[in-house]
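> here is a sequence together with a model predicted from it:
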Amino acid sequence: MKLGFTIIIILTIGYLIFLFKDYIIWFLQTAKVTFLNQKGVKDIQKEGMNKRNLKNEDIKKYIEISKKSLDKLNIDYNRKFILNQDLERHLRYSRFSEKYVLELLNEILEYMGLDKEKINLKVNYISSKYYMQYAGMYSEKLEHTDEKQILINIQNDMTMDTVISILAHECTHHLLLSNNIKIENRIQNECLTDITAIVLGFGKFMVEGYKISNRVIYDEEFHRSIKKDRVGYLSYKDVKYTIKHK
């Protein structure tokens, strides 16, 4: 009797497995992908927190260039950028409408002592599913005008700190290039711009905004793909080092 009952149970389980085999395989594949993705995200986070893009001596050199340049322009860099509380509330909860991004840009320009009337803002909203070639861009002269333009590409999973970091970087480009302060090598000039933005008092936002963000994307066959994004030219450790030694 017991043997017959056991055989029935085994046959029933076997039949259910056969009946739902596609769902079982799908579940096991999904569980495997989820586990591997979680591990991959942790690996990326660890890499991002420990990576260095610049040597300490290079950072100190850029800090020195930055301070000498700001001294010549009579710009006080012994201060920190403080965001208007009402604007901060809107940015945190209104998800970067163009109105508030423009208000943020104007606050940054005013903080730097720059004329906001001569800057044209262009905001693009890009799905987080897509890779961005660049997060922001500064153009010294628009066609047939004397206006400068700051362009920012905003993805829906960006944080407020990231948006502030991008705009601070582009506004610093405007400040430096308008005064003919630049390094011919493009990457070195970008590093100088990042470091000058930190020296100017945006370090609090950039240390958060320049962290690596990780997005796990699943394709239709459950192959894992981890999208790794980071704005700026300094690593997280570079930003921390600059803040400490500026």
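Good, I have the coordinates.
> what segments of this structure are strands?
With DSSP state E as the definition, the chain shows strands at residue ranges 119-126, 136-139, 148-155, 213-218, 224-229.
> okay, and for this structure, where does confidence drop off?
Low-confidence regions of the chain, defined here as pLDDT under 70, cover residues 1-5, 30, 32-50, 142-145, 212-230.
> domains of it?
According to automatic domain parsing, the chain comprises the domains 2-42, 51-245.
> pick the most deeply packed of the ones you listed.
Using mean count of other CB atoms under 10 Å, the stretch among the domains of the chain with the greatest mean number of neighbours is domain 51-245 (a mean of 17). Where you see a C-beta, it was placed from the backbone N, CA and C, and this is true even at glycine.
> list of residues touching stretch 83-92?
With CB atoms under 8 Å, 6 or more residues apart in numbering as the test, stretch 83-92 has contacts from 97, 100, 103, 104, 107, 160, 163, 164.
> quick one: residues contacting the fourth one.
This means residue 104. 83, 87, 91, 163, 164, 167.
> and it, how far from residue 98?
11 Å (CB to CB, to the nearest Å).
> same thing with the fifth one?
When distance is defined by CB to CB, residue 107 is 15 Å away from residue 98.
> what does residue 106 give?
Counting by CB to CB, the gap from residue 106 to residue 98 is 13 Å.
> then residue 109?
Using CB to CB, we find residue 109 at a distance of 16 Å from residue 98.
> so where do the helices sit in this structure?
Across the chain, reading from the start of the chain, the helices by DSSP state H fall at 2-19, 21-50, 56-72, 85-93, 98-112, 160-178, 186-197, 203-209, 236-245.
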